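[1] Take this sequence and fold it.
(chains A and B)
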Amino acid sequence: MKRIFRLLGIAATAFAAGAAAQAEIKIGVIVSATGPGASLGIPYRNVYTALPPQIAGQPLKFVILDDASDPSTSVKNARKLIDEEKVDIILGPTFTPGCLAVSDVAVEMKIAMICLAPVVVPPAKQPWVFSIPQSVPVMIAGVIGHLKANGGKTIGYIGFADGWGDLVLRALESTAGPAGIKIVASERYNRPDTSVNAQVLKLMSTQPDAVLIGGSGTPATTPHIALKERGYKGQIYHTHGVIGADFIRVGARAVEGTVAPTGPLMVAEQLPDSNPIKKVALDFFAKLTPAYPQVRNAFSGYSYDAFLLVQAAVTPAMAKAKPSSPQFRQALRDALEGTKEVVGTHAVYTMSPTDHNGVDHRSRVLVRVDGGQWKLLQ
Amino acid sequence: MNFDIALLLIQDGLTNGAIYALLALAILLVFAVTRVLYVPQGEFVAFGALTLATLQQAKVPGTAYLVAGIGALTMALELLTALRQRRTQGLAWSAAMYVAIPLALLGISIVLAPRQPPLVVQVLLTLALVVPLGPMTYRLAIQPIANATVLVLLFVAVAVHYVLMGLGLVFFGAEGWRTPSFTDLRLQLGPMTASGQSILVLAASAVLIVLLWQFFGRTLWGKALRATAMNRTGARLVGIPTEASGRLAFTLAALLGAFSGVLIAPFTTIYYDSGFLVALKGFVGAVIGGMTSYPLAALGAVLVGLLEAFASFYASAFKEVIVFSLLIPFLLWRSLMSRHFEEEPEE
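    Numbers count the residues shown, from 1 in each chain, chains lettered A, B, ... in the order given. You can find the predicted model right below:
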């Protein structure tokens, strides 16, 4: 009996010593698992529930909260994560308005956050905020590059009459001019429109060398099919909002030959072996598939990349301070800002005090619809 | 703009206008007979389009289960009412309408869907599946409060719209569908090419409108509906059952909605929530008709279609603004022209 107690005592001491050497790191995650943003939020979340509870050799705990796609709930969640859970860093939210709302909290409470939706971060004003998805101009620059390489001089635009359509048009305006390409038409349509023939007629009357469609998902096929029906022969470009099987299912033969930008993750197998992203992306699929079979999507890729960035930052931060202290949060932020050439599934990230997005042209590949499949354009 | 473009825009506007006209007629009919502003009309458009799209995938459409489910719910309500009133009369008819027919339709769908029947059969099956939802909606949501004020009826109509849209998401999923064209025919008409699909839409709408006209002018039921629309109390006094009239109006509205859905399915990708905006344009047409005149409503709807086509050409970013702004001058004109009177309370 005595011996058992003694053994227990030794075990307890050993355990306590182990815990002291290995302090647990807490990552707060805010996702939109319900509400209108749920179709994106769920793949974002599933990565964190499938990852093993370990980071850079340290025990790790994810605290995941749902904000129901509501920015005020995102803020409430952020305060709860900071005040009650004492997390060391926040990943998310997964939609742009939520990110904007939480970034004020992050600056106020001095805790780093990595937005999983695209936002424009001014690091001078918001030193604690990072955002990893590729910005729209980075994507559209690929389209402009392709058009220029093929001798195109003019481009027509037709996009959604909403925020996304505006965002793509602004990106087009900012990238086309410097490349010497002229925007000759700019038209808008709504997702449920039964006809876009009028817009297409006007577009074609300006005879552009190419057309960019600023839509997303299957409604992006509507102007594309109308253009083909009217016999348009030029190249038709889309944005990264259409990459997926549904676009080809609805567009069928009409969308053959479409060129669109996307993250390298979507065509990981087709990347050349020299591309460092290929190995990371394939490794990500292999690691996560048992726990989360539908892992092949852009959103899960961003979740994993945010995890990789934190992982790279943990070791230098641990050298300076212990987790769940203000010093550690500061050290983690500094380490994130110093990120150099961290290879993720979407990009190779290099942050700096003036760049909290960290991606370059390597975060974008062009793909073409070829035989009903998305094929990497070499 | 040159002549060719104008002709194409007119063709486009007329095609859309024809569909809006069908919806305007349905909204007007329901309003005249039951005083319900029929917000859920758009759902029937989406259901019609999505049911046809699912049938073309050789799958059993969600509507088949939906009709059976809502039928069972309606039957439960009928039983409850019968129990309260201690009567058995009419129950056999209800059982046939709300249980036997939906189950038969479900059976037919399960048998037929995987066999890829010809297009005509698919369209007929689509109509047969969607149309029963009309009278069931009336029985469940409107009939118990048929004498409430127009405002209460509008609230209920909005609620029904959200319920049906939610059910649409459950039964059809969030992704959109587009059916292949009925015909690839292209006709050279003088200086313009008309697509067979547009001609089909125009012809089908015209035939349906003529049929409706004949129905209202020549059949006993059509006349009963007109009588109810003119004076509900008077119609009841001469022995026209208002409940049956309401049911019939909802059935016809569902038929018009589902048929519009079948017609527009090849033009655009339809989602579970796409119908609302389409029906809203039909509503603008009905308002132009002063919510009383069928020919004016149909003309108004065609005007909406034409205006939409030309607005899309000149200022596509403001297209919807232009179309819905059309309401304002017409409402002003209507309210200046008509005498005002408060809604009479029902005794």
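[2] Up against chain A, what does the stretch 101-250 of chain B have?
    Contact residues (C-beta under 8 Å from any C-beta of the partner chain) of the stretch 101-250 of chain B with chain A: B:174-178, B:195. Backbone N, C-alpha and C define where each C-beta goes, glycine included.
[3] Pipe the residues you listed into TSV and attach distance to residue A:368 and pLDDT per row.
    Below are those laid out as TSV (distance: C-beta to C-beta, whole Å; pLDDT from 0 to 100):
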residue	distance to residue A:368	pLDDT
B:174	27	74
B:175	23	75
B:176	23	78
B:177	25	82
B:178	22	82
B:195	29	78
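[4] where does the stretch 251-378 of chain A dip in pLDDT?
    By pLDDT under 70, the low-scoring segments of the stretch 251-378 of chain A are A:378.
[5] residue nearest the centroid of the chain?
    Picking chain A for this. With distances taken as C-alpha atoms, centre = their mean, the residue of chain A nearest its centroid is residue A:133 (3.4 Å).
[6] wait, I meant chain B there
    Centroid check for chain B by C-alpha atoms, centre = their mean gives residue B:257 as the closest residue, at 2.6 Å.
[7] picking up where we left off before, of the residues of the stretch 101-250 of chain B next to chain A, which is the nearest to residue A:272?
    Within those, the smallest distance to residue A:272 is 33.1 Å, found for residue B:175 (C-beta to C-beta).
[8] How is chain A divided into domains?
    A:2-134+A:281-360, A:136-262 (automatic domain parsing).
[9] Helix or strand for the closest residue to residue A:140 other than its chain neighbours, just tell me which one.
    Leaving aside its sequence neighbours, residue A:140 sits nearest to residue A:171 (C-beta to C-beta, 6 or more residues apart in numbering or on different chains; 4.2 Å). Take DSSP states H and E as the rule and residue A:171 turns out to sit in helix A:163-176.
[10] Can you give the distance of that helix from its chain's centre?
    Remark: helix A:163-176 is offset 18 Å from the chain centroid, using C-alpha atoms, centre = their mean, to the nearest Å.
[11] how about the strands in chain B?
    Counting by DSSP state E, chain B has strands at residues B:186-189, B:192-195.
[12] Tell me which of the ones you listed sits nearest to residue A:260.
    Closest of those to residue A:260 is strand B:192-195, at 27.9 Å (criterion: C-beta to C-beta).
[13] Tell me the strands beside the closest one, with direction?
    strand B:186-189 (antiparallel) (DSSP bridges).
[14] so for the strand it pairs with, what's the average pLDDT?
    Mean pLDDT, strand B:186-189: 71.
[15] Repeat that for stretch B:155-172.
    pLDDT averaged over stretch B:155-172 gives 90.
[16] Point out the residues in the stretch 1-150 of chain A that sit beside chain B.
    residue A:39.
[17] neighbours around residue 206, how many?
    Since you didn't name a chain, this refers to chain A. 14 (other C-beta atoms under 10 Å in any protein chain shown).
[18] ah, no, chain B please
    Residue B:206, neighbours per other C-beta under 10 Å, totals 12.
[19] Please name the nearest non-neighbouring residue to it.
    residue B:18 is the one closest to residue B:206 (C-beta to C-beta, 6+ apart), at 7.5 Å.
[20] Distance check, the one you found against residue A:194.
    Using C-beta to C-beta, to the nearest Å, residue B:18 is found at 11 Å from residue A:194.
[21] Between these two, which is the more surrounded one?
    Between residue B:18 and residue A:194, counted using other C-beta under 10 Å, the more crowded position is residue A:194 (27 against 24).
[22] check contacts around the more buried one.
    B:16, B:19, B:264, B:267-268, B:278 (C-beta atoms under 8 Å, 6 or more residues apart in numbering or on different chains).
[23] try 10 Å this time
    Residue A:194 is in contact with A:222, B:12, B:15-16, B:19-20, B:45, B:260, B:263-265, B:267-270, B:274, B:277-278, B:281, B:305, B:308, counting by C-beta atoms under 10 Å, 6 or more residues apart in numbering or on different chains.
[24] what does residue A:119 give?
    Residue A:119 neighbours (C-beta under 10 Å, 6+ apart): A:93, A:95-100, A:103, A:126, A:129-131, A:133, A:135, A:356-357.
[25] and the strands of chain B, which is most packed in?
    Highest mean neighbour count of the strands of chain B: strand B:192-195, a mean of 16 (counted as mean count of other C-beta atoms under 10 Å in any protein chain shown).
[26] Dump that one to CSV, keeping only the CA atoms.
    The C-alpha coordinates for strand B:192-195 follow below in CSV (Å, rounded to 0.1, in the frame of the first residue of the first chain):
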residue,chain,number,x,y,z
MET,B,192,-33.8,39.5,-86.3
THR,B,193,-33.1,36.0,-85.1
ALA,B,194,-35.5,34.9,-82.5
SER,B,195,-34.6,32.0,-80.2
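[27] if we can go back for a sec, identify the residues contacting the residue nearest to the centre of chain B.
    For residue B:257, counting by C-beta under 10 Å, 6+ apart, the contacting residues are B:22-23, B:26-27, B:38, B:40-48, B:130-131, B:133-134, B:275, B:278-279, B:282.
[28] same question, residue B:268
    Contacts of residue B:268 (C-beta under 10 Å, 6+ apart): A:191-196, A:218-219, A:221-222, A:225-226, B:49, B:176, B:178, B:274, B:278.
[29] just residue A:37 next, same as before
    Residues near residue A:37 by C-beta under 10 Å, 6+ apart: A:31, A:44, A:67-70, A:93-98, A:117.
[30] same deal with residue A:217?
    By C-beta under 10 Å, 6+ apart, the residues touching residue A:217 are A:39, A:191, A:241-244, A:246-247, A:250, B:174-176, B:269, B:271.
[31] Counting only helices, which of these make the cut?
    Residues of the contacts of residue A:217 located in helices (DSSP state H): A:39, A:246-247, A:250.
[32] and which of those is nearest to residue A:24?
    residue A:39 (32.4 Å).
[33] contacting residues for the spatially closest residue to the closest one that is not a sequence neighbour?
    Spatially, and ignoring its direct neighbours in sequence, residue A:39 is nearest to residue B:174 (6.6 Å; C-beta to C-beta, 6+ apart). Residue B:174 sits next to A:38-39, A:217, B:168, B:271-273 when contact means C-beta under 10 Å, 6+ apart.
[34] just residue A:129 next, same as before
    Applying C-beta under 10 Å, 6+ apart, the residues contacting residue A:129 are A:90, A:99-100, A:102-104, A:106-107, A:112-115, A:119, A:121-123, A:333, A:356.
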